[in-house]
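Enquirer: Quick one, fold the following:
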Amino acid sequence: AQNAKKPSAAPPTSLIALDISNSMLSNDVLPTRLQRAQAFALDLVQALKNERIGSIIFAGNAYLQMPLTTDYAASELFIKSANPNQAPTQGTNIGEAIAIAEKAFEQSDRNSKVLVLISDGENHDQTALDAAKRSPQQRLINFYNWRRFCRRRFYSFGF
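Expert: You can find the predicted model right below:
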């Protein structure tokens with residue numbers, strides 16, 4: 001059995017959480033923070049082919065915009081159409097976005113689960129840090145701040 005193939009690991013399950021709060025419309029990053037975040041998210045979708053992917057949008061509340069799927073065209077459509085008008089309550093509730101991701105990940109049988117959270121970071125309360133501390137996979141949380149992703153392209157995956 002020296003030539004036996006090792007079983008390949010299942011590709012990870014990934015969720016992209018996109019901040020659609022009004023502050024993302026700021027044009028201090030051109031064209032806007034939101035458009036830059038959408039471009040970054042679309043690049044991620046291209047990089048995540050062969051994985052199950054889903055999306056969360058959030059402002060004052062968070063919503064599972066697209067459940068985990070391999071429908072990359074739908075994922076791209078949802079990301080392109082994301083805007084503050086989809087959020088009836090404004091704010092930046094990162095904690096709720098993390099909680100929604102944890103619930104969505106419970107439906108996945110994959111061992112490797114990735115949350116990519118894209119926000120301008122204008123969160124004025126402690127909920128994000130508290131949610132990250134409560135998360136059973138505390139090391140999963142990677143926050144992408146617009147100041148970082150607007151300067152260079154990078155990806156960070158993993159639990």
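
Enquirer: Quick check: Leu115 vs Ala17, distance?
Expert: Per C-beta to C-beta, to the nearest Å, Leu115 is found 6 Å from Ala17. Every C-beta, even on glycine, is put in place using the N, C-alpha and C of the backbone.

Enquirer: list the residues that contact both of the two?
Expert: Common contact partners of Leu115 and Ala17 (C-beta atoms under 8 Å, 6 or more residues apart in numbering): Ile98, Ala101.

Enquirer: Just checking, which helix or strand of this protein averages the lowest pLDDT?
Expert: None of the helices or strands of the chain scores lower by mean pLDDT, DSSP states H and E than helix 146-149, at a mean of 43.

Enquirer: Name the spans of this protein whose pLDDT lies under the cut-off.
Expert: 1-11, 110-111, 123-159 (pLDDT under 70).

Enquirer: Would you state the strands of it in chain order?
Expert: 13-19, 52-58, 62-69, 113-119, 142-145 (DSSP state E).

Enquirer: and Ala99, which of those is closest to it?
Expert: Across these, Ala99 has its closest neighbour in strand 62-69 (7.3 Å, C-beta to C-beta).

Enquirer: Give the buried residues for the closest one.
Expert: Burial within strand 62-69, assessed by neighbour count using 16 or more other C-beta atoms under 10 Å, is assigned to Ala62, Tyr63, Leu64, Gln65, Met66, Leu68.

Enquirer: tell me which residues form a beta bridge with the first one?
Expert: Applying DSSP bridges to Ala62 gives these bridge partners: Phe58.

Enquirer: ok, back up a step: columns distance to Leu44 on top of the strands of the chain, output as CSV?
Expert: Listed next are these as CSV, based on distance: least, C-beta to C-beta, whole Å:
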stretch, distance to Leu44
strand 13-19, 6
strand 52-58, 8
strand 62-69, 14
strand 113-119, 6
strand 142-145, 10
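
Enquirer: Having no further points to raise, I will conclude here.
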